[in-house]
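Student: Structure for this input, please:
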Amino acid sequence: MAVRNGSMIPPHMKEDQPSSRTRELQEETVNTALTNIEITIEQSNHPQFLKSIDDITALSAAVDSFKRQYDELQSHMDYIKNAIDSNLKSRASESPSCRSQSPRNDASGETTTAVASQSPPKETVHEISEVDRLCELMCSKGLRRYMYSNISDRAKLIEELPAALKLAKE
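Tutor: Numbering: from 1, shown residues only. Next up, the predicted model:
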């Protein structure tokens, strides 16, 4: 036995262990803390959940808007492609008629035959060089890109550009 404050206290005393009231308060505090954490988590998840729904709705609207604009651009591209194809077909149909016409000076049949055999057949639409096509379309940006990509081959540029520039409308 031990002596404390002038009295004899047995060695395994209740003071060494928390009282039942203190123990209950500690358990209640722990339970309250867990409940508070659970409530906080539930409250924070609810607005986060709503925010996620709002974000997904906004994303869906943006994707829908993008798809509409993409479809509109695609229809414009299809229209342009069809216009180019029809223009090329009309030019191709005009080319044979130009070749079959005889020269204006029909002095003799021999001259007509000689002129026809001397002139090489016109290039088909697919054989037109890129620089000629760019000049015909008045595509200055494309022409600049072409020149920049072929800058190392100056002789080719010097040879092609003057003839191609004559094909430009203005």
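
Student: Let me see the ranges of the strands in the chain.
Tutor: Under the criterion DSSP state E, the chain contains strands at 2-4, 7-9.

Student: Lowest mean pLDDT across those, which one is that?
Tutor: Mean pLDDT across the strands of the chain is lowest at strand 2-4; the value there is a mean of 55.

Student: now the helices for this structure?
Tutor: With DSSP state H, the ranges of helices along the chain come out as 20-100, 109-118, 130-136, 140-149, 154-166.

Student: low-confidence ranges in the chain?
Tutor: Within the chain, the ranges that satisfy pLDDT under 70 run 1-46, 95-127, 138, 170.

Student: try it again with 80
Tutor: Across the chain, the ranges flagged by pLDDT under 80 are 1-46, 94-143, 166-170.

Student: I'd like the distance from residue 128 to residue 87, if you could.
Tutor: Distance of residue 128 to residue 87, computed by C-beta to C-beta, to the nearest Å: 13 Å. C-beta here means a position set from N, CA and C on the backbone, and glycine is covered the same way.

Student: So for these two, which residue has more residues nearby?
Tutor: residue 128 (14 against 11; other C-beta atoms under 10 Å).

Student: list the contacts for the more buried one?
Tutor: residue 136 (C-beta atoms under 8 Å, 6 or more residues apart in numbering).

Student: Next, find the distance separating it from residue 47.
Tutor: Distance, residue 128 to residue 47, by C-beta to C-beta: 64 Å.

Student: go on, residue 58?
Tutor: From residue 58 to residue 47 the distance is 16 Å (C-beta to C-beta).

Student: now residue 150
Tutor: According to C-beta to C-beta, residue 150 and residue 47 sit 60 Å apart.

Student: Repeat that for residue 91.
Tutor: From residue 91 over to residue 47 the distance is 65 Å, taken as C-beta to C-beta.

Student: got it, and residue 131?
Tutor: According to C-beta to C-beta, residue 131 stands 62 Å off from residue 47.

Student: Compare residue 150 and residue 47 and say which one has the larger neighbour count.
Tutor: Neighbours per residue (other C-beta under 10 Å) separate residue 150 from residue 47, with residue 150 holding more: 14 against 9.
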